[in-house]
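In: here are the coordinates; sequence isn't available:
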């Protein structure tokens with residue numbers, strides 16, 4: 001998430017102009033703040049404050065729920081296995 005945030009900030013103009021695209025592939029569509037888990041379990045912090053939806057934070061990025069199975073750097077292709085459905089190639 002933090003890498004995508006940094007790219008989103010550095011490439012702001014290019015993203016808005018449609019010149020570049022940042023795609024995040026993750027099996028979960030959220031990020032968990034690990035240091036706050038004990039506080040959430042103890043009731044000091046609400047569980048909703050420990051989980052951050054990626055789509056809300058990364059507004060200019062595309063979020064794909066799945067995992068990257070393989071990378072072919074020569075062909076510049078990532079093999080993505082979505083949570084549901086058949087695996088497919090994603091060029092980069």
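Out: It's in. Keep in mind that what you see is a predicted model, and the values were worked out from it rather than measured.

In: hey, let's count contacts and neighbours off CA atoms from now on
Out: Fine.

In: List the contacts of the top helix by length along the chain.
Out: Identified as the longest helix of the chain according to DSSP state H is helix 2-10. Residues from elsewhere that reach helix 2-10 (Cα atoms under 8 Å, 6 or more residues apart in numbering): 15, 22, 24, 57, 58, 60, 61.

In: Which residue ranges of the protein form helices?
Out: Under DSSP H, the chain gives helices at 2-10, 12-17, 37-42, 54-57.

In: Would you reformat these as CSV and include mean pLDDT?
Out: Shown next, in CSV, are these (pLDDT from 0 to 100):
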stretch, mean pLDDT
helix 2-10, 94
helix 12-17, 92
helix 37-42, 81
helix 54-57, 92
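
In: tell me the centre residue of the protein?
Out: Geometric centre of the chain, nearest residue: residue 24, 3.6 Å, by Cα atoms, centre = their mean.

In: so how many other residues sit close to the closest residue to that one other than its chain neighbours?
Out: Among residues not flanking residue 24 along the chain, residue 63 sits closest, at 4.9 Å (Cα to Cα, 6 or more residues apart in numbering). When neighbours are counted by other Cα atoms under 10 Å, residue 63 registers 18.

In: dump the residue contacts of residue 63.
Out: Contacts of residue 63 by Cα under 8 Å, 6+ apart are 23, 24, 25, 26, 29, 54, 55.

In: related to what we said a few turns ago, now the contacts of helix 2-10: which count as buried?
Out: Among the contacts of helix 2-10, those classed as buried by 16 or more other Cα atoms under 10 Å are 15, 22, 24, 58, 60, 61.

In: Report how many residues lie close to the nearest residue to the fourth one once chain neighbours are set aside.
Out: This means residue 58. Nearest residue to residue 58, sequence neighbours excluded (Cα to Cα, 6+ apart): residue 5, at 6.5 Å. By the measure other Cα under 10 Å, the count of residues near residue 5 is 17.

In: Can you tell me how far residue 5 is from residue 70?
Out: From residue 5 over to residue 70 the distance is 24 Å, taken as Cα to Cα, to the nearest Å.

In: what does residue 11 give?
Out: 26 Å.
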